[in-house]
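J.: Make a model of this:
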Amino acid sequence: MPISFVKDREEKGKCVREILLDLPEWFGLPESTEKYIEESSKLPLWCEKRKEEYLGFITLSQTSEDTAEIYCMGIKKDYHHQGLGTKLFKEAEGYAAKHYKYLQVKTVDEGHYSIYDQTICFYESLGFSRLEVFPNLWDEWNPCLVLVKKLEQK
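T.: Predicted coordinates:
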């Protein structure tokens, strides 16, 4: 099934919940996972669904007049490294390019957890560049790396 833009808040929540629960290495804190689920249901969201199974999603939020952020993104582990993340990103990027000049994403800085090092490599493969590290934005064990990408205007 092709990627779809989901409008229904209940379906958004169901999609995000199903996928994040499959990714405890990235989304293992129940309180923050619930916040991601709740907030994602209010944001533009694209998902891939096959039959009754959600495989992946991406959400965007506006951070300024010129910039959107990948608020949350997840692909079920069984579907990693199959191009689904790139496919979802391209859908969201196409939308963002019509409304914004830049995209940004926050993740844990390199060298702290290997899974986040892989996440950084993924975003860099999509054309993101490292902008800045905020050592204490989240907490001292999880320094926040901000990556940015200039969008091609549509």
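
J.: can you give me the strands in this protein?
T.: Counting by DSSP state E, one finds strands in the chain at the ranges 4-6, 45-50, 53-62, 67-75, 102-108, 129-139, 142-150.

J.: so of these, which one's packed in deepest?
T.: Neighbour counts (mean count of other C-beta atoms under 10 Å) averaged over each of those peak at strand 67-75, with a mean of 23. (Glycine included, C-beta is placed from N, CA and C.)

J.: Parallel or antiparallel, which strands does it pair with?
T.: Sheet pairing here is set by DSSP bridges, and for strand 67-75 it gives strand 53-62 (antiparallel), strand 102-108 (parallel).

J.: Of all those, which one comes closest to Glu18?
T.: strand 53-62 (4.7 Å; C-beta to C-beta).

J.: and that closest one, how far out from the chain's middle?
T.: 7 Å (C-alpha atoms, centre = their mean, to the nearest Å).

J.: So, low pLDDT: which residues of this protein?
T.: Filtered on pLDDT under 70, the chain yields the residue ranges 1, 154.

J.: Against Leu84, how distant is the spatially most central residue of the chain?
T.: Residue closest to the mean C-alpha point of the chain, counted by C-alpha atoms, centre = their mean, is Met73 at 2.5 Å. For Met73, the distance to Leu84 equals 11 Å [C-beta to C-beta, to the nearest Å].
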